[in-house]
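Asks: I'd like to go over a predicted model; first the sequence, then the structure.
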Amino acid sequence: MFFIYTVIYGILLPFFLPGEILKRPKGMRKKWFSEKLGFFTGKDGSGAVWVHAVSVGEVMAAAPFIEALNERGLKTVVSTITDTGRKVAQTRFPGMPVVYLPFDIPSALGRAADRIRPRAFVLMETELWPNAINVMAGRGVPVFVVNGRLSEKSAAGYRRLRFFFKRVLSRLTLICVQEDVYARRAASMGAEAGKVVVTGNFKFEMKPAGRIPSWLEKLPEDAPVVVAGSTHKGEEALIVSVYKRLREKFHGLRLVLAPRHPERVPEVEGELRAEGLAYLKSSGAGEKEGPLSEPVIVVDTVGELFRVYSRADAAIVGGSFACRGGQNPLEPAYWGKPVICGPDMRNFPFMGELLKAGGALMVDAGSLFEALDGLLSDGGKREAMGGKAREFYLERSGAVQKTIDAILGYLKID
């Protein structure tokens, strides 16, 4: 079955390859292609734990896990799929080897494994690359899934190919998942019961790295701030229209917009210009002299959003109004900020508990204005909601330690 998968993958790859190459800056294309073929020049891991985190969210979630491994004296190598994920990993872990995960072809993966010589291969969350798993397991390298999650849609797709993915899952050493529901879905795909353990969600362990962006300090101290984080197409227009109405009541109100994908910043700028709103990009805000007078700040830098939430009076979680399953509500919760989301938060099963705890509000597009108006008008309500969000965050910590305890035995480390 792995041979058939490899043949199909090899047939399809040329159709996607040109676009993948061309979407990268010219200076990065050769390096990207070389690493995708498994040539990791100067990336000798020498027995490191190889952690694969596909993009920004997974890299951020992996941070406390990687730090815990390093505290145990274990070296780590990080691989990503996306350019933004790579950039965040390089910033978050200076000096640590960061590479692109090779194509899911045995020869490329074999070259990479020869170079890194991993003592373990760790896949974050939902990344099930059949050949990567099979090649590592075939070399005697234990393969773990950590912080695992699986949407019902993804699980249904895997179940349709259960005859194949049951074999893939059999090559895994251990599957550590966030919630009971994910354990049940893994079992429905053919995972052996003894290999699945619920250890919790790493996102409850995340802590912001680095200093608070200097431009936040240039916002007027008495100005209320709404931060809309990880927004998707269509959501900025909704949020801007609501902001313009709120601004009539709350003079000096500032809006911070952080698109989920940085390449969409020009599109967001165009929407702001069309609405007649002055704005400043975060990359230039820190260099500006004196207080920032622009009503809107567009975050065009990667890896700052977590820290930006620290200045919010209210936080809007993107991806929840655009039917994308929502983005991480725990970053504002960490700072004790009230969270507002749209109706679609299916990627975060714990969201119902956060809503029940009183740390968040779920509204539709037509109710967003009233929700923000209520929070901005009542400091006591903001503080109470933020406090409940922070308490919710702290009560659910411990996932990293449980995961470390679960896998260290397989690595023969005390």
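Replies: Received, thanks.
Asks: now do stretch 273-293: distance from first to last residue.
Replies: Start and end residues of stretch 273-293 are separated by 16 Å (Cα to Cα, to the nearest Å).
Asks: run through the bridge partners of A315.
Replies: Legend: beta-bridge partners of A315 under DSSP bridges are V227, V339.
Asks: now do the same contact list for it.
Replies: With contacts defined as Cβ atoms under 8 Å, 6 or more residues apart in numbering, A315 is in contact with V226, V227, A228, G229, Y309, P332, K337, P338, V339, I340. Bear in mind the C-beta positions are built from the backbone N, C-alpha and C, glycine included.
Asks: A186 now?
Replies: Applying Cβ under 8 Å, 6+ apart, one finds that A186 lies in contact with G148, L150, A155, L169, I175, V177, V196.
Asks: pretty sure N347 is touching G326, no?
Replies: Yes: contact criterion Cβ atoms under 8 Å: N347 and G326 qualify, at 5.3 Å.
Asks: any idea which residue sits dead centre in this protein?
Replies: Geometric centre of the chain, nearest residue: G57, 0.9 Å, by Cα atoms, centre = their mean.
Asks: what secondary structure does that one sit in?
Replies: Reducing the assignment at G57 to three states with DSSP: H, G, I helix; E, B strand; the rest coil gives helix.
Asks: ok, back up a step: now the contacts of A315 in CSV, with pLDDT?
Replies: Below are the contacts of A315 laid out as CSV (pLDDT from 0 to 100):
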residue, pLDDT
V226, 98
V227, 98
A228, 98
G229, 97
Y309, 98
P332, 97
K337, 98
P338, 98
V339, 98
I340, 98
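Asks: list buried residues within those residues.
Replies: For the contacts of A315, a burial check counting by 16 or more other Cβ atoms under 10 Å picks out V226, V227, A228, G229, Y309, P332, K337, P338, V339, I340.
Asks: number of residues surrounding A237?
Replies: Neighbourhood size, A237 [other Cβ atoms under 10 Å]: 14.
Asks: and if you look at L238?
Replies: When neighbours are defined as other Cβ under 10 Å, L238 has 19 of them.
Asks: are we agreed that it is in a helix?
Replies: Yes: counting by three-state DSSP, L238 is part of a helix.
Asks: can you pull the pLDDT of F165?
Replies: With respect to pLDDT, F165 scores 91.
Asks: for it, which non-adjacent residue is closest in space?
Replies: The shortest distance from F165 to any non-neighbouring residue, by Cβ to Cβ, 6 or more residues apart in numbering, is to Y158 (4.9 Å).
Asks: tell me the mean pLDDT for the helix or strand harbouring the one you found?
Replies: Assessed by DSSP states H and E, Y158 sits inside helix 152-160. When pLDDT is averaged over helix 152-160, the result is 87.
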